[in-house]
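Asks: sequence first, then the predicted structure:
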Amino acid sequence: MSGGSSPRSRRSSFNSLSRDLELPSEQGCLSVIVLGASGDLAKKKTFPALFHLFAQGFIQSGEVHIFGYARSNLSDDGLRERIRGYLKGASEEHLSDFLQHIKYVSGSYDSGEGFEKLNKEISEYEKSNKSESPRRLFYLALPPSVYPSVCKMIRTYCMNPSGWTRVIVEKPFGKDLDSAEELSAQLGELFDENQLYRIDHYLGKELVQNLLVLRFANRLFLPLWNRDNIDNIQIVFREDFGTDGRGGYFDQYGIIRDIIQNHLLQVFCLVAMEKPVSLKPEHIRDEKVKVLQSVNPIKHDEVVLGQYEGYKDDPTVPDDSNTPTFASVVLRVHNERWEGVPFILKAGKALSSRKAEVRVQFKDVPGDIFKCKRQGRNEFVIRLQPSEAMYMKLTVKKPGLEMATEQSELDLSYGMRYQNVKIPEAYERLILDTIRGDQQHFVRRDELKAAWQIFTPLLHDIDEGKVKSIPYQPGSRGPKEADELSERVGYMQTHGYIWIPPTLA
Ligand SMILES: NC(=O)C1=CN([C@@H]2O[C@H](COP(=O)(O)OP(=O)(O)OC[C@H]3O[C@@H](n4cnc5c(N)ncnc54)[C@H](OP(=O)(O)O)[C@@H]3O)[C@@H](O)[C@H]2O)C=CC1
Ligand SMILES: O=C1O[C@H](COP(=O)(O)O)[C@@H](O)[C@H](O)[C@H]1O
């Protein structure tokens, strides 16, 4: 765990931020309730994130209590043992202290009995803490099918009588526009928008959070970031493993719903939106909605779908599945800044490497006396993961007596520049934002609607078999047709140049 500032100084740094954002600085006892505590997400992400916040002093002994809730018959110790192996990076003392703050309550997701019991436990803790304005944070680490009934139970039995109640919900938020709107309406009847935190963990990644700073705090980029200078932008997600036993779940969704409609589209918003009036969450989300609403309908000839060979070997995947495990989709933005610039959103499983990045390719140099075209175009690459970095591909003079040019880079690799800084996990940051009441990095209801509006017609066509997935070899780059599409819409690959993340050795 990174050392650095003490819990006291962490609070004061929050205070200055909260003044800027007009968020009240809050203290008082905090109950975090993880619903679906027996599940995969809870053990891999939710509890570890809470543990890291605890170990760093962002949530503190004496003010926090964590309740796990699920149907499974577990004891407090049973839950603690289940998650212990996933809680890493701090001392044994921190670990046992943290575990002592966890209590397990068992109950169903659709009957009052369990939630009454849960409420009783929370209330007893709040009474013992004697806090005047207790805080309740419910984290739904559950399949979305039970969101409506669980939210109804929270609303009926577990609302905080004197302080705030906030609810974090996980994706998928629906399967298309209608189902997402139905879910939004159901939850909207129970909670105000400022109580609902729709999490998209890509918004918690360090370099995704840097996008706005980069674009709007650097004079350098302001005049360049438009159709006059940029030829095309790629937003890419690649994974070097397949569906790993989750084929049954994945087959109902596919790569567009799993990655593109949410994670990559959120990154797209931050790359393409206009400057917000301020950093207030509503101002930022207003701009995201605007750019989403400016996206043209997707054309079939600007889509390539793929499915890796062997995907259907999973017994839970139907033999005739057309579900894409790879997709490349071109988005076109109909506005003054971006008319004519293709945004290529590409995601795939079982590919040759694991990475996520934004690649901004600039236009050719006009009146090119150095024949730069031979070397390749300027590109600005934001490597979201792994090896977080930003690098700018430039044409430079090749060192030596000849006047020859080659491509090189200006490189800001985080591993080099921020050697002793631990980059926080996305979930850690987003849970902390929820505790602070900062909704900037969460998806607003109208944003969600606009996102589904873009992809629903295509998704329905795929579901009806009107767009087919092309088979590709696991461990490859995906279907060659995807590279051909990128080239057709303007992307020019630089041959012979590869950026290698620098190492300390
Ligand atoms: N796992 C991951 O890495 C990620 C998950 N998500 C999302 O997070 C949420 C939770 O995911 P995950 O933890 O993997 O899910 P799980 O399948 O592990 O389910 C979580 C818990 O919910 C209960 N549960 C499971 N199926 C049902 C059902 N059909 N009806 C009622 N309860 C059920 C089980 O608890 P019990 O039986 O004890 O009540 C289970 O332990 C989902 O919305 C998922 O899409 C998002 C990103 C990544
Ligand atoms: O939401 C999801 O994301 C993961 C990839 O997340 P990352 O932070 O490791 O990039 C993906 O594997 C999973 O299919 C998807 O549901």
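Replies: Perfect, I can see it now. Ligands and ions are numbered 1, 2, ... in the order given.

Asks: for the stretch 51-200 of the chain, what spans make up the strands?
Replies: For the stretch 51-200 of the chain, applying DSSP state E, counting those that start in this stretch gives strands covering 64-70, 102-106, 135-140, 165-169, 196-198.

Asks: kindly report the same for the stretch 401-505 of the chain.
Replies: 405-413, 469-472.

Asks: so what strands line up beside the first one?
Replies: Sheet pairing of strand 405-413 (DSSP bridges) gives strand 389-397 (antiparallel).

Asks: keeping just the C-alphas, turn the partner strand into PDB.
Replies: Taking Å, rounded to 0.1, in the frame of the first residue of the first chain, the C-alpha atoms of strand 389-397 are listed here in PDB:
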ATOM      1  CA  ALA A 389       1.600   5.900 -20.700                       C
ATOM      2  CA  MET A 390       1.100   8.700 -23.100                       C
ATOM      3  CA  TYR A 391       3.400   9.000 -26.100                       C
ATOM      4  CA  MET A 392       3.500  11.100 -29.200                       C
ATOM      5  CA  LYS A 393       4.900   9.700 -32.300                       C
ATOM      6  CA  LEU A 394       7.000  12.400 -34.100                       C
ATOM      7  CA  THR A 395       9.200  12.500 -37.200                       C
ATOM      8  CA  VAL A 396      12.700  13.600 -36.100                       C
ATOM      9  CA  LYS A 397      16.100  13.800 -37.700                       C
END
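
Asks: buried set for that strand?
Replies: 389-395 (16 or more other Cβ atoms under 10 Å). All C-beta spots, glycine's among them, are computed from the backbone N, C-alpha and C.

Asks: distance of Gly400 from Gln375?
Replies: 16 Å (Cβ to Cβ, to the nearest Å).

Asks: neighbour count: the two, which is higher?
Replies: More neighbours surround Gln375 than the other of Gly400 and Gln375, with 22 against 7 (other Cβ atoms under 10 Å).

Asks: the domain parsing of the protein - what is it?
Replies: In terms of domains, the chain is parsed into 28-169, 201-423+444-487 (source: the TED database).

Asks: now the last one: how far from the chain's centre is it?
Replies: Read it as domain 201-423+444-487. Put simply, domain 201-423+444-487 sits 13 Å off its chain's centre (Cα atoms, centre = their mean, to the nearest Å).

Asks: quick one on the thing from earlier: most neighbours per residue, which of the strands of the stretch 401-505 of the chain?
Replies: strand 469-472 (a mean of 19; mean count of other Cβ atoms under 10 Å).

Asks: give the other helices and strands that it contacts.
Replies: Helices and strands touching strand 469-472, by 3 or more Cβ pairs under 8 Å, 6 or more residues apart in numbering; DSSP states H and E, are strand 303-308.

Asks: a markdown table for the strands of the stretch 51-200 of the chain, including mean neighbour count and distance to Ala55?
Replies: A markdown table is the format used below for the strands of the stretch 51-200 of the chain (neighbours: other Cβ atoms under 10 Å; distance: least, Cβ to Cβ, whole Å):
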| stretch | mean neighbour count | distance to Ala55 |
| --- | --- | --- |
| strand 64-70 | 25 | 12 |
| strand 102-106 | 21 | 14 |
| strand 135-140 | 25 | 18 |
| strand 165-169 | 22 | 20 |
| strand 196-198 | 22 | 23 |
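
Asks: closest to ligand 1 out of these?
Replies: strand 64-70 (3.4 Å; Cβ to the nearest ligand atom).

Asks: ligand 1: which of the strands of the stretch 401-505 of the chain is closest?
Replies: Nearest of these to ligand 1, taken as Cβ to the nearest ligand atom: strand 469-472 at 21.9 Å.

Asks: look at Val34 and report its pLDDT.
Replies: pLDDT for Val34: 98.

Asks: which neighbours does the strand or helix carrying it have in its sheet, and in what orientation?
Replies: Secondary structure from DSSP states H and E places Val34 in strand 30-35. Here strand 30-35 has these sheet partners by DSSP bridges: strand 64-70 (parallel), strand 135-140 (parallel).

Asks: do you know which of these lies nearest Tyr147?
Replies: Taking Cβ to Cβ, strand 135-140 is the member of those nearest to Tyr147, at 6.1 Å.

Asks: that closest one: how far from the chain's middle?
Replies: Using Cα atoms, centre = their mean, the offset of strand 135-140 from its chain centre is 20 Å.

Asks: about what we covered before: Serialize the strands of the stretch 401-505 of the chain to JSON lines and add fields for distance to ligand 1 and mean pLDDT.
Replies: Output for the strands of the stretch 401-505 of the chain, formatted as JSON lines (distance: least, Cβ to the nearest ligand atom, whole Å; pLDDT from 0 to 100):
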{"stretch": "strand 405-413", "distance to ligand 1": "27", "mean pLDDT": "92"}
{"stretch": "strand 469-472", "distance to ligand 1": "22", "mean pLDDT": "98"}
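
Asks: closest one to Glu113 among the ones you listed?
Replies: Closest approach to Glu113 among those (Cβ to Cβ): strand 469-472, 45.8 Å.

Asks: the closest one pairs with which strands?
Replies: Strand pairing for strand 469-472, determined by DSSP bridges: strand 303-308 (parallel).

Asks: coming back round to it: just put the domains of the chain in a markdown table and tack on distance to Ile431.
Replies: A markdown table is the format used below for these (distance: least, Cβ to Cβ, whole Å):
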| stretch | distance to Ile431 |
| --- | --- |
| domain 28-169 | 5 |
| domain 201-423+444-487 | 9 |
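
Asks: to Leu177, which of those lies closest?
Replies: Nearest to Leu177 among the domains of the chain is domain 201-423+444-487; the distance by Cβ to Cβ comes to 4.1 Å.

Asks: is that closest one in proximity to ligand 2?
Replies: Yes - Domain 201-423+444-487 reaches ligand 2 (Cβ under 6 Å from any ligand atom) through 201, 239, 258, 356.

Asks: save these as a markdown table, and put in secondary structure, pLDDT and neighbour count too.
Replies: Output for those, formatted as a markdown table (DSSP: H, G, I helix; E, B strand; the rest coil; pLDDT from 0 to 100; neighbours: other Cβ atoms under 10 Å):
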| residue | secondary structure | pLDDT | neighbour count |
| --- | --- | --- | --- |
| His201 | helix | 97 | 20 |
| Glu239 | coil | 98 | 19 |
| Asp258 | helix | 96 | 23 |
| Ala356 | strand | 98 | 23 |
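
Asks: got the residue ranges for the helices in the stretch 301-450 of the chain?
Replies: Along the stretch 301-450 of the chain, counting by DSSP state H, counting those that start in this stretch, helices occupy 372-375, 414-417, 426-436, 445-463.

Asks: rewinding a little: which of the strands paired with strand 30-35 sits closest to ligand 2?
Replies: strand 135-140 (15.1 Å).

Asks: also compute the angle for the closest one relative to helix 426-436, please.
Replies: Strand 135-140 runs at 140 degrees relative to helix 426-436, counting by axes from the mean of the first three to the mean of the last three Cα atoms, to 10 degrees.

Asks: for the closest residue in space to Lys363 that isn't next to it in sequence, helix, strand, or coil?
Replies: Leaving aside its chain neighbours, Lys363 sits nearest to Asp231 (4.6 Å; criterion: Cβ to Cβ, 6 or more residues apart in numbering). Three-state assignment for Asp231 (DSSP: H, G, I helix; E, B strand; the rest coil): strand.
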